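Novice: Need coordinates for the below:
(one chain, ligands or ions: 1)
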Amino acid sequence: MEGILKELEDIVGRRYVSASPEEKYIYSRDQGLQEPHDPDAVVLPGSTEEVQAVIRLANRERVPVVPMGGGLVLSGLTIPQKGGIVLDMKRMNRIIEVNETSRYAVVEGGVSQGVLKAYLERRHPGLKHSLPDAPPVATIAGNVAIHGSGHLSQSEGGFHSEMVTGLEAVLPTGEAVRLGSCSTVPGWFSRAPLPDLAGLFLGWNGTTGIITKIGIKLFPKPKMEDILVYMTGSVDILPDLIYRITGTEMAEDMVAAISPKPDWLRGFPILLITVTANSEEEMAMKVGIIRESVRHYYQTMESGFMPVPPYMKSQFLGAPLKDLSKFADVMKGGGFEYVGSIMPVEKLPGACSAGLDIAEKHRVTCSMGARVIGRGHCMMFFNAYAFNRADEDNMARSALALEETNRATLELGGIPWKAEAPGQQDILRKMEPGTIQLMNRIRSLLDPNGIMNPGNWEAR
Ligand SMILES: Cc1cc2nc3c(=O)[nH]c(=O)nc-3n(C[C@H](O)[C@H](O)[C@H](O)COP(=O)(O)OP(=O)(O)OC[C@H]3O[C@@H](n4cnc5c(N)ncnc54)[C@H](O)[C@@H]3O)c2cc1C
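Specialist: I've put the predicted structure just below:
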């Protein structure tokens, strides 16, 4: 690597290349349960041209490249399984354009959720983007590269990848390409009506290239928000509750949760429904319509809306939801990983009971829940395992629980989301051979030397 390190320094500058043991240690692991693996170098490019030059060099030398944003994916997708270069995108943090009228922003590939949020609050207070509940340092590109979702789950298609209006990407052979309207005319307003090549970079876990710029939809930011909390003793009614409430099209976000924290909610399924409005009248109308849609349940069964005092509402409102980090650290000791499964809403009760069985069998702490995507078109069901890194037995049991959850998800008819490498193998074993062949053909066409995030999405 010595000659390569020198060349890398010539491209991005000495400050932005490191092969020191300390940096390698930090970039060799994440908060989850996947085995650490050292990179050979960490590189922070500052522009698309620098990304291109790094990739050309890596391609020439057959050195693996792992793109990284916030490194918060938790499932090891930024761990360099085969060594090589971790390409940390955080220096590419410029917001290039905000189009107020057509409601989109164009940002560089390392812009974090927190930076865009703060920028919009300061300069475009009437607009917002959909944020995941991940810590704010998570990047917009890293999130769409895995089909993330967030607090505007009821908008558009629900997934953040559906909110992408255009991409600039550097291919594994070093060419930069633009996809969407920006490939043809100046604006980054839409992927339609062109062939949808952006899909080559969405959901591929950074195995097809580096996203260097991204167009993302912005949405009107209503003046007020409120939270409705529906509590029930039975998970069985949740799918129908979700069906009825999404049918009103009055909510902005909807999350079902069964969580060990806060203590007073332990074990109770709750539905958190976020509603936004521009006036008290609009809010009252929306809340009224939602309440009416589930009247049948709260009149006849032991369930209903919980009165939430104002000081408690703040725990459920705002993005990212700060209390989620508390669940992540419920065991103390800094370990956290979750199986997020994309599955139909009607599978929610089955997923809950499978999750409880797995948690009991392996004696692990598990919080569960589901973010409802779109108008109930599917959900991201999470089984979140917090563990203590200093406790090997706790880690081993959590790893078994995680593996079993992946398999249970597929058996239930869902697909593990942002699956770690072994989970990807579980998915590929169930996938139609024709689909796998197509994925492989695309990969080898784009990446003839197999340098991009190797070890991921590889059918064995
Ligand atoms: C407490 C907590 C709550 C969370 N809640 C949510 C949630 O509500 N919704 C949600 O979607 N996620 C959530 N997550 C998961 C995850 O943190 C987010 O999805 C996050 O947005 C990932 O972004 P990142 O920048 O950290 O990606 P990284 O971890 O850096 O990368 C993710 C993947 O994208 C690839 N990648 C990164 N940058 C690029 C690029 N520029 N070009 C090509 N490929 C790239 C990487 O190689 C990797 O495969 C949560 C995590 C935590 C810890």
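Novice: Please name every helix or strand in contact with the helix or strand containing Gly114.
Specialist: Assigning secondary structure by DSSP states H and E places Gly114 in helix 113-123. Using 3 or more Cβ pairs under 8 Å, 6 or more residues apart in numbering; DSSP states H and E as the contact criterion, the secondary-structure elements in contact with helix 113-123 are strand 95-99, strand 104-108, strand 127-128, helix 140-144. Where C-beta positions appear, they are placed from N, C-alpha and C, glycine not excepted.
Novice: Kindly reformat these as CSV containing mean neighbour count, distance to Gln52 and mean pLDDT.
Specialist: Conversion of the helices and strands packed on helix 113-123 to CSV gives the following (neighbours: other Cβ atoms under 10 Å; distance: least, Cβ to Cβ, whole Å; pLDDT from 0 to 100):
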stretch, mean neighbour count, distance to Gln52, mean pLDDT
strand 95-99, 15, 18, 98
strand 104-108, 24, 14, 98
strand 127-128, 20, 32, 98
helix 140-144, 28, 16, 98
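Novice: need the contact list for Met379.
Specialist: Listed by Cβ atoms under 8 Å, 6 or more residues apart in numbering, the contact set of Met379 reads 242, 256, 342-345, 348, 370-373.
Novice: Could you look up the SS state of Ala390?
Specialist: The three-state label given to Ala390 by DSSP: H, G, I helix; E, B strand; the rest coil is coil.
Novice: Actually, Ala384.
Specialist: strand.
Novice: how close does it get to Thr208?
Specialist: Computed with Cβ to Cβ, to the nearest Å, the distance linking Ala384 and Thr208 is 28 Å.
Novice: more neighbours, those two?
Specialist: Using other Cβ atoms under 10 Å as the criterion, Ala384 and Thr208 rank with Thr208 on top: 25 against 22.
Novice: gap between that one and Ile442?
Specialist: The separation that Thr208 has from Ile442, given Cβ to Cβ, amounts to 7 Å.
Novice: Arg371 too?
Specialist: 29 Å.
Novice: who has more neighbours, these two?
Specialist: Comparing Arg371 with Ile442 by other Cβ under 10 Å, the one with more neighbours is Arg371, at 24 against 14.
Novice: tell me which element that one falls in.
Specialist: strand 366-373.
Novice: Would that strand count as contacting the ligand?
Specialist: No. For a cut-off given as Cβ under 6 Å from any ligand atom, strand 366-373 has no contacts with the ligand; the smallest distance is 6.6 Å.
Novice: With stretch 97-108 instead?
Specialist: No. Remark: stretch 97-108 sits outside contact range of the ligand, by Cβ under 6 Å from any ligand atom, the gap being at least 8.9 Å.
Novice: Contacts for that stretch next, please.
Specialist: Residues outside stretch 97-108 that contact it (Cβ under 8 Å, 6+ apart) are 89, 92-96, 116, 119-120, 123-124, 126-127, 129, 140, 165-166, 182, 187-189, 212-220.
Novice: go again using 7 Å as the cut-off
Specialist: If you take Cβ atoms under 7 Å, 6 or more residues apart in numbering as the criterion, stretch 97-108 is touched by 92-96, 116, 124, 127, 129, 140, 165, 187-189, 212-219.
Novice: Of those residues, grab the buried ones for PyMOL.
Specialist: A single PyMOL command selects the buried members of the contacts of stretch 97-108 (16 or more other Cβ atoms under 10 Å):
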select buried, resi 92+93+116+124+127+129+140+165+187+188+189+212+213+214+215+216+217+218+219
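Novice: sorry, back to before: remind me what the strand holding Arg371 packs against, helices and strands.
Specialist: strand 253-258, helix 348-362, strand 378-388 (3 or more Cβ pairs under 7 Å, 6 or more residues apart in numbering; DSSP states H and E).
Novice: Go ahead and name everything in contact with that strand.
Specialist: Where contact means Cβ under 7 Å, 6+ apart, the residues beyond strand 366-373 that reach it are 149, 153, 158-159, 242, 246, 254-260, 327, 345, 348, 352, 355, 359, 379-385.
Novice: Output the below-cut-off pLDDT ranges for the chain.
Specialist: Scanning the chain for pLDDT under 70 picks out the ranges 156, 260-262, 324-325.
Novice: Okay, domains of it per the record?
Specialist: Split into domains by automatic domain parsing, the chain comes to 2-88, 95-220, 223-419.
Novice: For the shortest one, measure first residue to last.
Specialist: Counting by Cα to Cα, to the nearest Å, you get 20 Å between the two ends of domain 2-88.
Novice: does the ligand sit close to that domain?
Specialist: Yes. Among the residues of domain 2-88, 66-74, 77-78 lie within reach of the ligand under Cβ under 6 Å from any ligand atom.
Novice: Mind jotting down where the strands sit in the stretch 1-150 of the chain?
Specialist: Listed in chain order, the strands of the stretch 1-150 of the chain (DSSP state E, counting those that start in this stretch) span residues 17-18, 41-43, 65-68, 85-88, 95-99, 104-108, 127-128.
Novice: can you give me the offset of the first one from its chain's centre?
Specialist: If you compare the mean C-alpha spot of strand 17-18 with that of the full chain, they lie 28 Å apart, counting by Cα atoms, centre = their mean, to the nearest Å.
Novice: Next, count neighbours for the closest residue to Ala408 other than its chain neighbours.
Specialist: Excluding its sequence neighbours, the residue lying closest to Ala408 (Cβ to Cβ, 6 or more residues apart in numbering) is Ala354, at 4.5 Å. Here the neighbour count serves as a burial measure; for Ala354 (other Cβ under 10 Å) it reads 21.
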